[in-house]
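> this is the structure alone, sequence omitted:
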């Protein structure tokens, strides 16, 4: 079957113009989480360590990086994995010629890693690439033996394309810091998730505070909008060092400080696996949020 990269057909859905989801691509054999947040906030660090925590609970985990930089999973695989687009290009987009090992890389703790990649800069649609990745995984029956899927999604501007993982997810998680820019971005992501929830099964699971000593502004925003904080990971140097070592936090030299963080990841994985009630959050208007976040 030939697959050509082109812009997907968009359709008018309630509240937005969205990339249409092929109903046959629904992931119905695993719990699916989509991780969003401001660019540079630590989504890949959070996703990878959360994936390991799920694996340590005995779950079969698949992490899908949704960024043309294809750097979501390198702390798990110790390398930049080939992308789905790379693999398809190598066989002239004849997907039936691919084997799972051409685009799936085993990572630390048994986590299976896939990097969707993306079209060349300024062309195509990232959402189409995500759709083709899920399609390929289903064709090779790789989702049938998976308990948890974690989508790690590019950036903070949730366009119709890079919002497409929300069409597959059960719960969306937002990573944020305790600062103006991160919370402002979080509010826009809440709006995107709210729009998707009108047509798909995704619901907002909660907020993960990251790279922050405190959470007072996050908690204030959560209280005002109907969100909840699921976990708090402070800005520790061991996190920076783990990225430089191309390792997850679970592989770093043990210390009380590190153990507190890995224990927090284990608690987060346990909470998410047990199931979290959806947050009925309502985003603020941009100008209202601008005034709300005025402090000091």
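Thanks, I have it. Predicted model, so just to flag it, every value in this text is computed and none were measured.
> tell me where the stretch 151-296 of the chain has helices.
When secondary structure is read from DSSP state H, counting those that start in this stretch, the stretch 151-296 of the chain shows helices at 180-196, 216-225, 237-244, 256-274, 286-292.
> residue 205 and residue 173 touch, don't they?
Yes: Residue 205 lies in contact with residue 173 (Cβ atoms under 8 Å); the separation is 5.2 Å. Placement of C-beta: from N, CA and C, glycine included.
> overlap in contacts, these two.
33, 230 (Cβ atoms under 8 Å, 6 or more residues apart in numbering).
> so what's the residue count around residue 88?
Close neighbours of residue 88, defined as other Cβ atoms under 10 Å, add up to 24.
> coming back round to it: nearest to residue 73, out of the helices of the stretch 151-296 of the chain?
helix 237-244 (12.6 Å; Cβ to Cβ).
> can you pull the buried residues of the closest one?
239, 242-243 (16 or more other Cβ atoms under 10 Å).
> ok, what's across the strand from residue 114?
Under the criterion DSSP bridges, residue 114 forms beta bridges with residue 64.
> ok now do it, which residues does it touch?
If you count contacts by Cβ under 8 Å, 6+ apart, residue 114 has them with 62-65, 73, 81, 84, 103-105, 133, 137.
> among those, which lie within strands?
Under the assignment DSSP state E, the contacts of residue 114 contribute 62-65, 105 to strands.
> need those in TSV with neighbour count, can you?
Formatted as TSV, those follow (neighbours: other Cβ atoms under 10 Å):
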residue	neighbour count
62	24
63	29
64	26
65	30
105	21
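> now, which of the residues you listed sits nearest residue 163?
With Cβ to Cβ as the yardstick, the closest approach to residue 163 among the ones in strands among the contacts of residue 114 comes from residue 64, at 14.6 Å.
> go ahead and confirm residue 118 touches residue 65.
No: taking contact to mean Cβ under 8 Å, the distance of 10.2 Å between residue 118 and residue 65 leaves them out of contact.
> pLDDT weak spots in the stretch 1-150 of the chain?
Counting by pLDDT under 70, the stretch 1-150 of the chain has low-confidence residues at 1-26, 120, 124.
> export the buried residues of helix 237-244 to a markdown table and tack on pLDDT and distance to residue 255?
Output for the buried residues of helix 237-244, formatted as a markdown table (pLDDT from 0 to 100; distance: Cβ to Cβ, whole Å):
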| residue | pLDDT | distance to residue 255 |
| --- | --- | --- |
| 239 | 94 | 13 |
| 242 | 96 | 12 |
| 243 | 96 | 17 |
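> could I get those as a markdown table with distance to residue 40?
Converted to a markdown table, the buried residues of helix 237-244 look like this (distance: Cβ to Cβ, whole Å):
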| residue | distance to residue 40 |
| --- | --- |
| 239 | 13 |
| 242 | 16 |
| 243 | 12 |
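> out of those, who's nearest residue 151?
Using Cβ to Cβ, residue 243 is the member of these that lies nearest residue 151, at 20.1 Å.
> now that closest one: how far from residue 75?
7 Å (Cβ to Cβ, to the nearest Å).
> now swap in residue 131 and tell me
The gap separating residue 131 from residue 75 is 26 Å, by Cβ to Cβ.
> so those two - more neighbours on which side?
Just comparing residue 131 and residue 75: by other Cβ under 10 Å the higher neighbour count belongs to residue 75, 26 against 23.
> help me confirm that the more buried one is found in a helix?
Yes: Residue 75 sits within a helix when classified using DSSP: H, G, I helix; E, B strand; the rest coil.
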